[in-house]
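1. sequence first, then the predicted structure, then my questions.
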Amino acid sequence: MPDKPREQATGRISHRDKEGQPLELLEWAALYEDHAYRLVAETEFDDVLVRTMWEGIDAGVVGAGDMFHTGVRRAGRWSDAWAGHHPCTLIEAEAAHELVVAKVREQPPASAEN
């Protein structure tokens, strides 16, 4: 399916579904309440959980907003996997999830003192 051209940035935040199609606020809210819809990928190993979720918030600038979010939970504490940039498409989010999983697997386990 060909990509639809993005609308011009208006300085306003819009809401979009997983495929990038515009949503009305109440449509977005209904999808946001559906955990199964929001879940893009989840990988658990050792004491680590990597979870990528659809957020559906578009600031109209590539790399801005929060269309998708990947978090990492180690020893019960969550952290953001990305600093200042989040994937903009479902394909990017799925690839980013796998990248985060690979990077986290390479890291030594956190010490028990942290």
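-> Ah, there it is. Residues are numbered from 1 along each chain as shown.
2. neighbouring contacts of stretch 40-48?
-> Under the criterion C-beta atoms under 8 Å, 6 or more residues apart in numbering, residues 18, 49-54, 68, 72-75, 90, 93-94, 97-98, 101, 104-105, 109 lie in contact with stretch 40-48. Every residue, glycine included, has its C-beta placed from N, CA and C.
3. give me that answer again for 10 Å
-> For stretch 40-48, the surrounding residues in contact (C-beta atoms under 10 Å, 6 or more residues apart in numbering) are 18, 49-54, 68-70, 72-76, 87, 90, 93-98, 100-102, 104-105, 107, 109-110.
4. quick one: the helices in the protein?
-> 25-32, 35-38, 90-106 (DSSP state H).
5. need the ones you listed in TSV (columns: mean pLDDT).
-> Conversion of these to TSV gives the following (pLDDT from 0 to 100):
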stretch	mean pLDDT
helix 25-32	97
helix 35-38	98
helix 90-106	93
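6. report the buried members of the contacts of stretch 40-48.
-> 18, 49-54, 68-70, 72, 74, 87, 90, 93, 96-97, 100-101, 104 (16 or more other C-beta atoms under 10 Å).
7. where in the chain is pLDDT low?
-> Under the criterion pLDDT under 70, the flagged ranges of the chain are 1-11, 60-65, 83-85, 109-114.
8. mind naming the longest strand for it?
-> strand 48-58 (DSSP state E).
9. from the chain's centre, how far out does that strand sit?
-> Centroid separation between strand 48-58 and its chain, computed with C-alpha atoms, centre = their mean, to the nearest Å, is 3 Å.
10. same deal with stretch 69-80?
-> 12 Å.
11. and the end-to-end length of that stretch?
-> 8 Å (C-alpha to C-alpha, to the nearest Å).
12. wait, isn't Gly20 in contact with Met67?
-> Yes - counting by C-beta atoms under 10 Å, Gly20 does reach Met67; the two are 7.7 Å apart.
13. so which of those two has more stuff around it?
-> Neighbour totals were compared for Gly20 and Met67, and Met67 leads with 24 against 15 (other C-beta atoms under 10 Å).
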